[in-house]
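Visitor: Could you work out the structure for the sequence below:
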Amino acid sequence: MKLLQDLFGTGPGLMSLIGIAFMIGMGIWYVRFFLRKIDESSKQQEKQ
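Guide: Just a heads-up that it's a prediction; the model follows:
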C-alpha cells in the first residue's frame, strides 16, 4: 500500500508513472507505424 501511495502521491512517483505510460504509448505507436509501412510496401511490390 505504501508503494501505491508513493507512486500516485508524490511528484517523482507521478513523473515515473507518466514516463512509463509515455514509453508504452510510444512503443505501441511505433509498432503500428512499422506494420502499416510494411503492409504498404508489400502491396506496392505486388503491383509491380
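
Visitor: Model confidence score at the nearest residue to Leu14 once chain neighbours are set aside, please.
Guide: Using Cβ to Cβ, 6 or more residues apart in numbering and skipping residues adjacent in sequence, the residue nearest Leu14 is Phe8, 6.9 Å away. All C-beta spots, glycine's among them, are computed from the backbone N, C-alpha and C. For Phe8, the model assigns a pLDDT of 91.

Visitor: What is the helix or strand where Phe8 lies packed up against?
Guide: Using DSSP states H and E, Phe8 maps to helix 2-9. For helix 2-9, the packing partners by 3 or more Cβ pairs under 8 Å, 6 or more residues apart in numbering; DSSP states H and E come out as helix 11-47.

Visitor: now the helix it packs on: mean pLDDT?
Guide: Helix 11-47 comes out at a mean pLDDT of 95.

Visitor: for it, the distance to its chain's centre please.
Guide: 5 Å (Cα atoms, centre = their mean, to the nearest Å).

Visitor: about what we covered before: give me the distance between the residue nearest to Leu14 and Met26.
Guide: In this view, Phe8 and Met26 are 22 Å apart by Cβ to Cβ, to the nearest Å.

Visitor: Then Ser16?
Guide: 16 Å.

Visitor: Likewise for Ile18?
Guide: Distance from Ile18 to Met26, by Cβ to Cβ: 12 Å.

Visitor: How about Gly13?
Guide: For Gly13, the distance to Met26 - Cβ to Cβ - is 20 Å.

Visitor: higher neighbour count, those two?
Guide: Gly13 (15 against 10; other Cβ atoms under 10 Å).

Visitor: quick one: contacts for that one?
Guide: By Cβ atoms under 8 Å, 6 or more residues apart in numbering, the contact set of Gly13 is Asp6, Leu7.
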